[in-house]
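Q: Next come a sequence and a model predicted from it.
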Amino acid sequence: MGKINLGRVLLGGLVAGVVYNIGEAVLNMVVIGKEIEEMMKSMNLPAIGGEFIAKATVLMFIVGIVTVYLYAAIRPRFGPGVKTAACAGLIVWFLTFFYMGFMNLSMGLFTAGPTWLAIAWELVQSVLAAIAGAWVYKETE
């Protein structure tokens, strides 16, 4: 069992982060942007601005790195490839997007339609991000 190649984790994580960021931008600005705007108003919160977007972008790159690190960690047991990457993506999706979406819905912070749409969108997004990041990852020789 080889060591985790941290350089490739970082590189693959940045690739996965690009996928996450593109997916989140399309989801939150195009697909459910109007609903988010309405929900923010209903809670008397200001519109989402540049500072939040900058923080969210950085966070999605970190999520990408964590996704590829997880892929690298489970790769020796499950083998390299798309199936293992999809497993890593599913784990990250469950521990981040599903958990937070479900909790926000349960607390009544967001409405059901956009929340379930976002959770489904982010499932696909997480698997694709993991596959893209895994494609870049190579074990240390």
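A: Received the coordinates, thanks.
Q: what's in contact with the least confident helix or strand in the chain by mean pLDDT?
A: Least confident helix or strand of the chain, by mean pLDDT, DSSP states H and E, is helix 33-42 with a mean of 89. With contact meaning Cβ atoms under 8 Å, 6 or more residues apart in numbering, helix 33-42 is reached by 28, 46-48, 109-111, 113-114. C-beta: built from backbone N, CA, C; applies to glycine.
Q: now do stretch 79-99
A: Here stretch 79-99 makes contact (Cβ under 8 Å, 6+ apart) with 63, 66-68, 70-71, 74-75, 78, 118-119, 122-123, 126-131, 133-135, 139.
Q: again with stretch 18-32
A: For stretch 18-32, contacts defined as Cβ under 8 Å, 6+ apart pick out 36, 48, 56-57, 60-61, 63-64, 114, 117-118, 121-122, 124-126, 128-129, 132-133.
Q: So which bits of that stretch are buried?
A: 18-21, 23-24, 27-28, 32 (16 or more other Cβ atoms under 10 Å).
Q: Also stretch 37-46?
A: By neighbour count with 16+ other Cβ under 10 Å, stretch 37-46 contains the buried residues M39.
Q: again with stretch 59-78
A: Within stretch 59-78, the residues that count as buried by 16+ other Cβ under 10 Å are 60-61, 63-72, 75.
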